[in-house]
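Q: Return a 3D structure for these sequence lines:
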Amino acid sequence: MSRKWSVEIDGKRHIIEARYSRIVSSGAGELLVDGQLVDTWYSSPFGLPKERGPFEVGGKKVFLRRRDEIAHNMDLLVNGKLIKPGV
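A: Next comes the predicted model:
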């Protein structure tokens with residue numbers, strides 16, 4: 001599964017992508033910023049991590065946060081603001 005966000009920070013567009021397993025009990029995944037790998041996480045019996053970060057993108061703090069355990073989706077927050085997925 002993959003989720004992508006397009007974020008403009010100080011006039012520069014960044015593409016942030018979270019790739020992770022579709023298997024709920026796995027939760028393994030990776031985070032890419034502008035095509036560069038910035039973080040990986042491994043399988044866990046608890047599924048996706050509750051939160052990953054902070055990461056710095058364009059000088060701003062960025063977090064990935066698990067939306068809920070049933071939907072198995074991640075949200076992106078930039079300086080605490082929820083960013084809608086889409087490129």
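
Q: what number of residues lie near residue 3?
A: Neighbour count for residue 3, taken as other Cβ atoms under 10 Å: 16. All C-beta spots, glycine's among them, are computed from the backbone N, C-alpha and C.

Q: my bad, should have said residue 37
A: Using other Cβ under 10 Å, residue 37 is surrounded by 10 other residues.

Q: Excluding chain neighbours, what is closest to it?
A: residue 30 (6.0 Å; Cβ to Cβ, 6 or more residues apart in numbering).

Q: Could you name the helices and strands sitting against whatever helix or strand that neighbour lives in?
A: Element membership of residue 30, judged by DSSP states H and E, is strand 29-33. Counting contacts by 3 or more Cβ pairs under 8 Å, 6 or more residues apart in numbering; DSSP states H and E, strand 29-33 is packed against strand 12-20, strand 36-41, strand 51-57.

Q: pLDDT below threshold where in this protein?
A: 22-26, 44-49, 68-72 (pLDDT under 70).

Q: try 80 this time
A: Within the chain, the stretches with pLDDT under 80 are 1, 21-28, 42-51, 66-73, 87.
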